[in-house]
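K.L.:
sequence first, predicted coordinates after that:
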Amino acid sequence: MSAQLSQKHPTGLYILFFAEMWERFSYYGMRAILLLFLIDKVSGGMAMSAGEGAAIYGIYTASVYLLTLPGGWLADNILGQKKAIWYGGIVIMIGHIILAIPGGAVLFFLGLTTVAVGTGLLKPNISSIVGELYPEGGARRDAAFSIFYMGINLGSFFGIAIVGYLGERVSWHMGFGAAAIGMLLGLIVFRIGAARHLKGLGEVPPAKIATPESTAQSGKNSVLGYGLIAALVIFLIVLQYTGTIDMTTAQGLAQGAGVIIVAISASYFLFILIAGGLTRVEQYRVLVLIILFLAISLFWAGYEQAGTSLQIFAERHTDRMVGGWDVPSSWFQNFQPAFVLIFAPILASLWIYLSSRNMNPSIPVKFAAGLILLGLSFFVMVAASKIAVTGQLTSPLFLTFTYLLNTIGELCVSPVGLSSYTKLAPKRYVSQLMGIWFVGASLGNLIAGLFAGGFDEGNVMQMPALFNQVAIISTAFGLLILVFWKPIKGWMGGIS
């Protein structure tokens, strides 16, 4: 199966694979210790409460993905994807260097902001170039994104292991410094490899090669588009002055950010649909992108509990002793990338095999399966939390099986979704809509942080109900997509 997965792919895919691997090493490594650093009261951390730390964590991870929207716009209209990736990587590295300097809260938050800005530039555009390598689309592009996704998770695995260990057992800031080294290696790989194997890709901003027809139609509707933007600004001002958005606490700031993300996403989709100069077929495809956006937001809200509620559960309610050694709690997050590395080649080969026999499940069916598997994984955590409320430490097998189910669900959703957005998005908006895809991750991360903030440190009795909530909502939405998969597939206009 692995041979079938890797054959006949261009060298450029593997350049992007390793560049993304090192970028994700830096991101996931730092993310693995971020919440622990924020709530640490003993070893030089920020000494926040679990609720406040989880809210800050959610705001940061949400900002990382929210900024992919302006990052995609800059690539589509000014820089092109290659320059956006290069400059974004440099900014990320600088951000991690700032985090490695012990200098108090102001310097720390400056470093977080810098990393978020750089990731917003890099993240959507490297995925867009992967799509450009496969203009024919189809199962081969899906397989390529599965290979690319293995690079993401290989970087994640080593980042969590190395940065997590250094941060928890040596020094928080040494862990942040290791993340900077990872990004430097990613920049070197991209600079050397892109010159030889990515010529002609991502160099000219797509907006500059739009068709005359699309430009004319877009111009006619530009006034309406600007009206939508103005309405969004007014809406946000009203929310602020009426007290709906409360910026006085970390939790309030996170809740306000959620309202802003939803408003921005809805406004942007409306702008593209109404003022984007789309054909009827393109409009229906964008409607499918909206459905996938809602699904991925809900999926990440559950999946990203790995860095929040599941991290807290691993730290406080899981037996981590192995032969007298206390395993770092952050290492439990490594089950996700490890399972991706094991199962991604299997599922990618399965999609190709089924496609060759006209049996490949449609995109909405794969999304439904991913959400249902995520829901089942949290039913496992409901059982684990019922043991934890009795005061006992739970077996690590509960978290292991939870991560197994939600990782297989992830492989049905995330690489398929990445590929789908490159297929369904109108060419001149591909990086911007790829940014919207990551805004879905932004919303999911924010919800994950708010959910973990609901963990009352003095009331473990609430855990089963909280995990049950995630399980029921994820499963129900997955079943809803499964019921309506045929009309959704029809809106895709022949793309599979």
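P.N.:
Good, I have the coordinates.

K.L.:
quick one: low-confidence parts of this structure?
P.N.:
When the per-residue scores of the chain are filtered using pLDDT under 70, the ranges that remain are 1-7, 136-139, 206-229, 232, 236, 244-253, 255, 452-460, 496.

K.L.:
quick one: the strands in it?
P.N.:
With DSSP state E applied, the chain shows strands at 321-322, 325-326, listed in chain order.

K.L.:
can you tell me which of those is most buried?
P.N.:
Relative to the other members of the strands of the chain, strand 321-322 carries the highest mean neighbour count by mean count of other Cβ atoms under 10 Å, namely a mean of 10. Where you see a C-beta, it was placed from the backbone N, CA and C, and this is true even at glycine.

K.L.:
that one pairs with which strands?
P.N.:
The partner list of strand 321-322 in its sheet, established with DSSP bridges, is strand 325-326 (antiparallel).

K.L.:
excluding chain neighbours, what is closest to the residue nearest to the spatial centre of the chain?
P.N.:
Residue closest to the average C-alpha location in the chain (Cα atoms, centre = their mean): Ala441, at 4.3 Å. Beyond its immediate neighbours in the sequence, the residue positioned closest to Ala441 (Cβ to Cβ, 6 or more residues apart in numbering) is Tyr65, lying 4.2 Å away.

K.L.:
just Phe332 next, same as before
P.N.:
Computed as Cβ to Cβ, 6+ apart, the closest residue to Phe332 that is not its neighbour in sequence is Ala314, at 4.3 Å.

K.L.:
for that neighbour, give me its contacts.
P.N.:
Counting by Cβ atoms under 8 Å, 6 or more residues apart in numbering, Ala314 makes contact with Arg320, Ser329, Phe332, Leu399.

K.L.:
would you agree the third one is in contact with Leu310?
P.N.:
Right, Phe332. Yes - the criterion here is Cβ atoms under 8 Å, and Phe332 meets it with Leu310 at 7.3 Å.

K.L.:
give me the common contacts of these two.
P.N.:
With Cβ under 8 Å, 6+ apart, Phe332 and Leu310 have common neighbours Leu399.

K.L.:
which ones are touching the spatially closest residue to Ser385 that is not a sequence neighbour?
P.N.:
In space, not counting the residues next to it along the chain, Ser385 is nearest to Met463; the distance is 3.7 Å by Cβ to Cβ, 6+ apart. The neighbourhood of Met463, defined by Cβ under 8 Å, 6+ apart, consists of Phe313, Ser385, Ala388, Val389, Phe455.

K.L.:
same list, the contacts of Ala314, but as CSV with neighbour count please.
P.N.:
Shown next, in CSV, are the contacts of Ala314 (neighbours: other Cβ atoms under 10 Å):
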residue, neighbour count
Arg320, 16
Ser329, 20
Phe332, 25
Leu399, 24
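
K.L.:
now, these that are in helices?
P.N.:
The members of these that map onto helices under DSSP state H are Leu399.

K.L.:
between the contacts of Ala314, which is nearest Val170?
P.N.:
Closest approach between the contacts of Ala314 and Val170, by Cβ to Cβ: Ser329, at 15.6 Å.

K.L.:
relative to Thr407, how far out is that closest one?
P.N.:
18 Å (Cβ to Cβ, to the nearest Å).
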